[in-house]
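J.: This is a predicted model, with the sequence first.
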Amino acid sequence: MASDAELIEILIVDDDQGDIELTREVLAASRLKLNITDVHDGEECLRYLRNEGKYRETSKPDLIFLDLNMPRMDGREALKHIKADPDLRHIPVVILTTSDADEDIIRTYSEGANCYVQKPVGLSELQKVVSMVESFWFSVVKLPTAK
């Protein structure tokens, strides 16, 4: 669990800039000290997490918000790579997607997702959901300290 004084690294992986901005807006209202980075597909996510190319100097995130439906490499495939990598598998991954398909829910949990949240419609509902997720992961849960 991060203390209020620690900087918490959050990675948002989503191809919808509007959803990214809404999520950032909700997180910005947090009492926690956050550094929020966003990438737009699974390939970019993996380059970021593996410190490749322009991401050589990035820190590993403390939490990943991962959308499922994206171009090039979708969130399902990215999740599989994250959880198969010994250097990344400890990072909690919250699936934040519009999909409510049982197949997606079952598959992502089978692949190691830590949480599955359907994106609500509307800012106020999104605020509630993201705030609850944030509170759970950074106030209740004990996270690994190794980065």
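T.: Right, received. Where do you want to start? Residues are numbered from 1 along each chain as shown.

J.: quick one, phi/psi of I36?
T.: With angles defined as degrees, to the nearest 10, I36 sits at phi -110, psi 130.

J.: which residues does it contact?
T.: With contact set as CB atoms under 8 Å, 6 or more residues apart in numbering, I36 has these partners: 10-12, 24, 27-28. Glycine gets a C-beta too; all of them are placed from N, C-alpha and C.

J.: I'd like the list of the residues you listed that fall within strands, please.
T.: Counting by DSSP state E, those place 10-12 in strands.

J.: can you pull up the bridge partners for V13?
T.: Bridge pairing for V13 (DSSP bridges) gives the partners V39, L66.

J.: err, V94, not the other one
T.: Beta bridges link V94 to F65, C115 when assigned by DSSP bridges.

J.: these two touch, right, it and E134?
T.: No - the pair V94 / E134 is not scored as a contact, 9.6 Å apart, by CB atoms under 8 Å.

J.: between the contacts of I36, which is closest to K128?
T.: Within the contacts of I36, proximity to K128 (CB to CB) peaks at L27, which comes in at 13.2 Å.

J.: Can you tell me which of the ones in strands among the contacts of I36 is nearest A101?
T.: Taking CB to CB as the measure, A101 sits nearest to I12 out of the ones in strands among the contacts of I36, at 21.5 Å.
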